[in-house]
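**Q** only geometry, no sequence info:
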């Protein structure tokens, strides 16, 4: 039987684009807590040569309106700059110069905060000269791109770091024989951070924000600034980025990367015991100064969805409730991942897409005013009735599953799995599992149980659609 495109995982949505895929099997999904409270999720995919790692924390951004996240964005930029073990000619000397530079930078920021005067300006300029000298000494100790070169030496095929309004994440796809090496690299970064290139990346982020400001008209910029900083802000985003001290960033680092609200997702062909042991060895040491997550998403959906099968394909409709303007970007993100895409499919806000209808071939569509609808088209020649029966049975069994781990159980209840996975896109799979887990925490949820799964004729679907799906005429 020719395989069907379907929908995926712990929020996880990935399309099976190749013919040689393995059926999705819940027995391949493992989860447990590390000693520090971090959640580990492992999805075993037999007969694959590449594995993937996803690491995510509830470290939400501060400036999401213009895609600048301050400390969160800096963390993204520093993610592959190296560790105490990798990237330095002499780590003791590098850290010594960094400590001196941190003190001088704090003095400069303090003087600027107090206000300018001729005497202070002269003092600031002298301190800047000392800081530049120290930065050159720090740079002398740094081996450029050392961390990335090590990743390449381990055969890393793809890697990224990303900050969003909801979380911070790292992902790496690599040959399966390098599981421990890759995990040890990331573990070292979080357990013993050196914050290499902090001042360079702070300046780069300041420059990027400045270019945004200069390109914006004054009224629009004021609106963005007010949204990002509130009523009291008067100096703008670039200046605020420039004021982030290394001490402030270190505090953010220790609070944001709370292991109790973090998740590791690994896919590959290993024994579960090995995956757990390696994750515990390197990630179980991560600690935090915070008892609560830095940020919990506020997007909420109604506890219902509707799925129909027809000769044309499968349509899944999710009712949306309480969607605030701040949450629209998150909805765009959802729509993107429903197809397993790398780039956002919805570049504009929801209000611009509200009448776009639903798309075929797995593309997401937004129907006015309260439904998110997905249509997955069957391959030509597929037996719709048989596939519908299998899928119905799968969802019914999915709802009855028991998995040890309260946190994972909460996430599992809110999300839909796919029957088929494409093992070549395991990097996408682990990212979607991880983001689904993070975004389903606490009071927020994205998807809940499938309340109704039915096999219907195309004629019946048309009748149902006229009652369920709000068309443009009715909206007007």
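**A** Structure received. Here the structure is a predicted model, which means the values were calculated and not measured.

**Q** Wait, residue 87 touches residue 142, no?
**A** Yes: Residue 87 is within contact range of residue 142, at 6.3 Å (criterion: C-beta atoms under 8 Å). Yep, even glycine has a C-beta here, placed from its N, CA and C like the rest.

**Q** Please identify which of those two sits among more neighbours.
**A** residue 87 (24 against 17; other C-beta atoms under 10 Å).

**Q** what about the more buried one, distance to residue 261?
**A** 28 Å (C-beta to C-beta, to the nearest Å).

**Q** Then residue 278?
**A** According to C-beta to C-beta, residue 278 and residue 261 sit 22 Å apart.

**Q** ok, now residue 86?
**A** Residue 86 sits 27 Å away from residue 261, taking C-beta to C-beta as the criterion.

**Q** higher neighbour count, the two?
**A** Neighbours were tallied for residue 86 and for residue 261 using other C-beta under 10 Å; the higher tally belongs to residue 261 (27 against 20).

**Q** just to confirm, which helix or strand has residue 265 in it?
**A** Element membership for residue 265 (DSSP states H and E) is strand 262-268.

**Q** Please point out which parts of the helix or strand following that strand sit buried.
**A** As assigned by DSSP H and E, the chain's next helix or strand after strand 262-268 is helix 272-283. Within helix 272-283, the residues that count as buried by 16 or more other C-beta atoms under 10 Å are 275-276, 278-280, 282-283.

**Q** With stretch 143-156 instead?
**A** For stretch 143-156, the neighbour count (16+ other C-beta under 10 Å) marks 146-148, 150-151, 154-156 as buried.

**Q** Of those, which is the nearest to residue 189?
**A** residue 147 (8.3 Å; C-beta to C-beta).

**Q** Torsion angles phi and psi at that closest one?
**A** Reported as degrees, to the nearest 10, the phi and psi values for residue 147 are phi -60, psi -50.

**Q** Three-state assignment for residue 54, please.
**A** At residue 54 the chain is in strand, as set by DSSP: H, G, I helix; E, B strand; the rest coil.

**Q** What distance do you get for it to residue 270?
**A** Residue 54 sits 15 Å away from residue 270, going by C-beta to C-beta.

**Q** Max pairwise distance over the buried residues of stretch 143-156: which two?
**A** For the buried residues of stretch 143-156, the farthest-apart pair by C-beta to C-beta is 146 and 155; their separation is 16.8 Å.

**Q** Show me the helices in the stretch 101-250 of the chain, by range?
**A** Assigned by DSSP state H, counting those that start in this stretch, the helices in the stretch 101-250 of the chain fall at 118-141, 146-153, 179-191, 198-215, 218-229, 236-242, 246-256.

**Q** Lowest average pLDDT across these?
**A** Mean pLDDT is lowest for helix 218-229 among the helices of the stretch 101-250 of the chain, at a mean of 48.

**Q** Specify the local secondary structure of residue 51.
**A** Assignment for residue 51 (three-state DSSP): strand.

**Q** Okay, and the beta partners of the nearest residue to it once chain neighbours are set aside?
**A** Take residue 51 and drop its neighbours on the chain: the residue closest to it by C-beta to C-beta, 6 or more residues apart in numbering is residue 268, 3.0 Å away. Beta-bridge pairing of residue 268 under DSSP bridges involves residue 44.

**Q** Let the chain start at 44 from now.
**A** Renumbered: residue one is now 44, and that last one reads residue 311.

**Q** For residue 311, give me its contacts.
**A** 87-88, 91, 93-95, 219, 222, 318, 469 (C-beta atoms under 8 Å, 6 or more residues apart in numbering).

**Q** let's see 10 Å
**A** Going by C-beta atoms under 10 Å, 6 or more residues apart in numbering, residue 311 touches 85-89, 91-96, 216-219, 222, 317-318, 466, 469, 473.

**Q** Can you turn the buried part of those into a PyMOL selection?
**A** Selecting only the buried entries of the contacts of residue 311 in PyMOL, with 16+ other C-beta under 10 Å as the criterion:
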select buried, resi 85+86+87+88+91+93+94+95+96+216+217+218+219+222+318+466+469+473
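
**Q** Return the residues in contact with residue 300.
**A** 81, 98, 100-102, 118, 211, 233, 236, 329-333, 337.

**Q** swap that for residue 85, sorry
**A** By C-beta under 10 Å, 6+ apart, the contact set of residue 85 is 71-75, 307-311, 313-315, 317-319, 322, 473, 476.

**Q** switch to 6 Å and redo it
**A** Counting by C-beta atoms under 6 Å, 6 or more residues apart in numbering, residue 85 makes contact with 73, 309, 318.

**Q** how far away is it from residue 204?
**A** Plainly put, residue 85 is 22 Å away from residue 204 if you go by C-beta to C-beta.

**Q** what does residue 116 give?
**A** 10 Å.

**Q** okay, the two: which has more neighbours?
**A** Using other C-beta under 10 Å as the criterion, residue 116 and residue 204 rank with residue 116 on top: 25 against 16.

**Q** before we move on, back to that, ok, residue 97 and residue 313, which is more surrounded?
**A** Neighbour count, other C-beta under 10 Å: between residue 97 and residue 313, residue 97 has more, with 26 against 17.

**Q** Name the residues linked to that one by a beta bridge.
**A** Per DSSP bridges, the residues bridged to residue 97 are residue 214, residue 308.

**Q** Thought residue 214 was touching it, still the case?
**A** Yes: using C-beta atoms under 6 Å, residue 97 makes contact with residue 214 at a distance of 5.0 Å.

**Q** thinking again about what came up before, what about the residue nearest to residue 94, distance to residue 323?
**A** 17 Å.

**Q** now residue 123
**A** Using C-beta to C-beta, we find residue 123 at a distance of 24 Å from residue 323.

**Q** again with residue 229
**A** 14 Å.

**Q** how many neighbours does residue 173 have?
**A** 15.

**Q** what's near enough to touch it?
**A** Residue 173 touches residue 147, counting by C-beta under 6 Å, 6+ apart.

**Q** again, only this time at 10 Å
**A** Residues counted as contacts of residue 173 (C-beta under 10 Å, 6+ apart) are 143-144, 147-148, 150-151.

**Q** need the helix or strand of the protein with the lowest average pLDDT.
**A** strand 463-464 (a mean of 24; mean pLDDT, DSSP states H and E).

**Q** which ones are touching the residue lying closest to residue 167 once chain neighbours are set aside?
**A** Spatial nearest neighbour of residue 167, chain neighbours left out: residue 154 (5.3 Å); criterion: C-beta to C-beta, 6+ apart. Counting by C-beta under 10 Å, 6+ apart, residue 154 makes contact with 160, 162-164, 166-167, 170.

**Q** got JSON lines for these, with distance to residue 284 and neighbour count too?
**A** Formatted as JSON lines, the contacts of residue 154 follow (distance: C-beta to C-beta, whole Å; neighbours: other C-beta atoms under 10 Å):
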{"residue": "160", "distance to residue 284": "24", "neighbour count": "10"}
{"residue": "162", "distance to residue 284": "27", "neighbour count": "9"}
{"residue": "163", "distance to residue 284": "22", "neighbour count": "13"}
{"residue": "164", "distance to residue 284": "21", "neighbour count": "12"}
{"residue": "166", "distance to residue 284": "23", "neighbour count": "14"}
{"residue": "167", "distance to residue 284": "18", "neighbour count": "16"}
{"residue": "170", "distance to residue 284": "19", "neighbour count": "17"}
